[in-house]
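Q: Mind folding the following:
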Amino acid sequence: MRYICKQLKKLFPLLLMLTLLFSIPVHAEDKEGNIYYVDRDGRNFIISIVYEHNDVKVSLKDPEGNPVALNAQNISVIQDETGMLIYVENAKAGQWKMVYDKGSNAELQVAAYAVDEPLQLSNLSVGSPDGENKIPVSFRADHEPQTGFHYQIRLGTEETMDVYRILQEGDAQTGEDVNIGVSFDSVNSFESYYLQVYAYFEKDGLQYFDVLTGDAFAYTNPTSPDPIEDYDVTVNLTTHTVTVNIDSFAGDTSVFEFTLSEDGQETGSVLVDKRSTGGEASLQYGDAPQQMTASVTVQRGDKRVSASKDKVIDLANGSGKFIVKFPDSGKLTNYSYPLAFENAKDSKVNYRFQNGGNQEITLNGNGIHEIEIPEDAMSIEVSYTTDDRITYKVEQVLAVDTIPPTLKIYEALNGTVTEADSVILTGKTDPGAVLTLDETPVEIQADGGFTLELSLEQGENSFVIEAADEAGNVSTYLFNITRGKKSDGGAGDASGTSDGKDYTGFTGKVGKLYWPIILGYTGLMLLAAFLTGFIGRKKRTMRKTITRTALILVIFSCIGTAANLIYFLMRWNFQNSSKYIDFASAEMEKAYKYLQLTDAVKGFFFAFLAVFAASLLTAFIGRDRKKS
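A: Residues are numbered from 1 along each chain as shown. Here you go, the predicted model:
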């Protein structure tokens, strides 16, 4: 029934249109009427009804007068807004009637059609090959009345038959056994094949068909090689390429398909003709898959004729298998190439340098093996093969980096004596280097420059500065500074910078006059606030006096905040320039005083800002409130 219903859904509009041409109008006064006469038990028929409004109610009566609902087991209904089809299967012989309520329809257009019985396949049998490599196949198709049909003999490697090839086609009559010999000349030897018969005929726009699949069977082709039992896989970890080679295992097999999956998702496939490629095929893989699967199947034309041979490529870990971990890059600190290995059991690793010939080492257990690198070596190729014939290979350009990074210190600090409690040290190293002072990381500028303030204890102070690059090379500067009484001509007596300018009072005379300016301005602010608040106080309320005083402080503190912020930014910008490094290298103590003054400017900025905020809040609270 499911095949008939499937076809009826496709032909639903056409059958409703035929109903309009060849139909019997059913009028409002009729509630029951003859619909179809069945000449013998077991026949099938269709009732087609066309209407304007879908509020129709319909049921049936069999020839014995028994009511038959439309949800009965042998009845199927297809319905939409314009009509319905009722399919009755295995009906009793005699006159069938329709009981109906037309609802709001003035009339219904009703027609009935006979439907043939479904085609049924049985007795599928698959024999053994004869001398001509033909396998006898027999089956039977039944249908009443007897009719001609077309059949296909299909072959697949899975019972679902999602993928198959057609071995033979032909025509036969129902009700008779079909015995044919199917040629297996183009079929490879394989342990699990499935044979399927697909049969069908067409009548009145409907296709009647059936499918029958036999049991799994093994087949050995005496004139054709077996499917691929194994193949070689090479994983190039440098170029992200997986290459398969079937040449040693394919025999006369010429065409195969190579498919690559990454973490369970198929990412590529290629159809390869061994006669033009030598049995080799390659596919690229992505940046960081955890696991890949290489699959190879034998092809005939555009059909697969063997099950896939799969190999798992594990890139995340060895899963108990022998695995080698290569260096992340070819940049080395010495003439040694380290190989970390796991689960090795007399496992071979091959390596070679350019024009250096192949060499082999044997590894056991877990550990690290160092390969000695010739001084003239520019590249290395290392490979190893696992038990399942998967070769992992890496090709790396070698750059033995033994040059430590630059570490330039601008001040000759070692051995100096100073009375200051701290000194300024400036210098430069390679951009990207890691700088430490007494093993504490130090931040450097983008160009590698750095400025450090070193706190000094009484007596001798020892310091170690180190700069390390990515390859692990280290440059070190060790120096001692004594805090005590300076001798004449000491390190702190330098006068004048490299360009002859005194930067201690940077931005003109403001630096030297900063403290007088701050004291004078603060006194002026307090005096103005006092005069505003207390002159004429008797004529004002306390609220007005406080508000006026707060407004004066708001004005003065706002100006002071802005001035200190501008001055601080100017000093901070100079402090982070290369000119300051030159200044500090010549005038160490003056450079330190420069930093001290910058910190003071920043402190007064926050002080004025606090006064501004407090005064503004006080003025807001004490403002006049007009009565409504």
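Q: going forward, measure contacts and count neighbours with C-alpha atoms only.
A: Will do.
Q: what's around residue 98, how many residues?
A: 18 (other C-alpha atoms under 10 Å).
Q: i'd like the first residue to be 45 from this point on
A: Happy to do that; since the first residue is 45 now, the last one works out to residue 142.
Q: what's it in contact with, if anything?
A: Residue 142 sits next to 76, 77, 78, 79, 102, 103, 104, 105 when contact means C-alpha atoms under 8 Å, 6 or more residues apart in numbering.
Q: which one is the first one nearest to, not counting chain neighbours?
A: What that stands for is residue 76. Once flanking residues are discounted, residue 76 sits nearest to residue 143: 4.5 Å by C-alpha to C-alpha, 6 or more residues apart in numbering.
Q: Could you look up the SS state of residue 640?
A: Judged by DSSP: H, G, I helix; E, B strand; the rest coil, the three-state class of residue 640 is helix.
Q: got the contact list for it?
A: By C-alpha under 8 Å, 6+ apart, no residues touch residue 640.
Q: Can you give me the distance of it to residue 112?
A: For residue 640, the distance to residue 112 equals 105 Å [C-alpha to C-alpha, to the nearest Å].
Q: Same check on residue 130?
A: According to C-alpha to C-alpha, residue 130 stands 12 Å off from residue 112.
Q: More neighbours: which of these two?
A: residue 130 (21 against 16).
Q: Run through the neighbouring helices and strands of the strand or helix carrying the more buried one.
A: Using DSSP states H and E, residue 130 sits within strand 127-135. Under the contact criterion of 3 or more C-alpha pairs under 8 Å, 6 or more residues apart in numbering; DSSP states H and E, strand 127-135 touches helix 46-65, strand 87-94, strand 119-123.
Q: Buried residues of the next helix or strand after that strand, list them for me.
A: Sequence-wise, the next helix or strand downstream of strand 127-135 (DSSP H and E) is strand 138-145. By 16 or more other C-alpha atoms under 10 Å, the buried positions in strand 138-145 come out as 139, 140, 141, 142, 143, 144, 145.
Q: What number of residues are in the vicinity of the closest residue to the first one other than its chain neighbours?
A: Closest residue to residue 139 in three dimensions, ignoring its sequence neighbours and counting by C-alpha to C-alpha, 6+ apart: residue 81, at 4.4 Å. As a burial measure, residue 81 scores 16 neighbours (other C-alpha under 10 Å).
Q: May I ask which helix or strand encompasses residue 81?
A: If you go by DSSP H and E, residue 81 is part of strand 76-82.
Q: For the stretch 195-344 of the chain, just list every one of the strands.
A: Along the stretch 195-344 of the chain, counting by DSSP state E, counting those that start in this stretch, strands occupy 209-217, 221-227, 234-247, 250-257, 261-263, 276-280, 285-289, 299-306, 309-317, 324-328, 335-344.
Q: which helices and strands sit right next to the longest one?
A: Helices and strands touching strand 234-247, by 3+ C-alpha pairs under 8 Å, 6+ apart, are strand 192-200, strand 250-257, strand 261-263.
Q: Paired strands for that strand, with orientation please.
A: In the sheet, strand 234-247 lines up against strand 192-200 (antiparallel), strand 250-257 (antiparallel), strand 261-263 (antiparallel) (DSSP bridges).
Q: Please apply the same query to the second one.
A: Strands adjacent to strand 221-227 in the sheet, as given by DSSP bridges, are strand 178-186 (antiparallel).
Q: how far off strand 209-217 does the partner strand point, in degrees?
A: Between strand 178-186 and strand 209-217, the angle comes out at 50 degrees (axes from the mean of the first three to the mean of the last three C-alpha atoms, to 10 degrees).
Q: what's strand 178-186 in contact with?
A: Residues outside strand 178-186 that contact it (C-alpha under 8 Å, 6+ apart) are 163-173, 217-229, 243.
Q: how far does stretch 319-335 sit from the chain's center?
A: Taking the mean of its C-alpha atoms, stretch 319-335 sits 20 Å from the chain's own mean (C-alpha atoms, centre = their mean, to the nearest Å).
Q: could you give the mean pLDDT of that stretch?
A: For stretch 319-335, the mean per-residue pLDDT is 86.
Q: Now do the end-to-end distance for that stretch.
A: This stretch, stretch 319-335, spans 31 Å end to end (C-alpha to C-alpha).
Q: tell me which residues in it are buried?
A: Neighbour counts over stretch 319-335 (16+ other C-alpha under 10 Å) mark 323, 324, 325, 326, 327, 329 as buried.
Q: Repeat that for stretch 393-402.
A: Neighbour-count burial for stretch 393-402, counted by 16+ other C-alpha under 10 Å, picks out 393, 395, 396, 397.
Q: Let me see the residues that make contact with it.
A: For stretch 393-402, the surrounding residues in contact (C-alpha under 8 Å, 6+ apart) are 403-407, 421-429.
Q: Now render these as TSV, adding distance to residue 96 and neighbour count.
A: Shown next, in TSV, are those (distance: C-alpha to C-alpha, whole Å; neighbours: other C-alpha atoms under 10 Å):
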residue	distance to residue 96	neighbour count
403	89	11
404	88	13
405	88	12
406	87	12
407	86	19
421	90	17
422	87	15
423	84	16
424	84	18
425	81	15
426	81	20
427	78	20
428	78	20
429	76	20
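Q: With secondary structure and pLDDT added, can I get those residues in TSV?
A: Shown next, in TSV, are these (DSSP: H, G, I helix; E, B strand; the rest coil; pLDDT from 0 to 100):
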residue	secondary structure	pLDDT
403	strand	89
404	strand	90
405	strand	92
406	strand	92
407	strand	92
421	coil	80
422	coil	81
423	strand	85
424	strand	88
425	strand	89
426	strand	92
427	strand	91
428	strand	90
429	strand	89
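Q: State the pLDDT value of the nearest residue to residue 336 once chain neighbours are set aside.
A: Using C-alpha to C-alpha, 6+ apart and skipping residues adjacent in sequence, the residue nearest residue 336 is residue 306, 4.5 Å away. pLDDT, residue 306: 91.
Q: Next, count neighbours for residue 306.
A: Neighbours of residue 306 (other C-alpha under 10 Å): 18.
Q: quick one: it and residue 339 touch, right?
A: No - with contact defined as C-alpha atoms under 8 Å, residue 306 does not count as touching residue 339 (11.6 Å).
Q: got any residues that touch both of these two?
A: With C-alpha under 8 Å, 6+ apart, residue 306 and residue 339 have no common neighbours.
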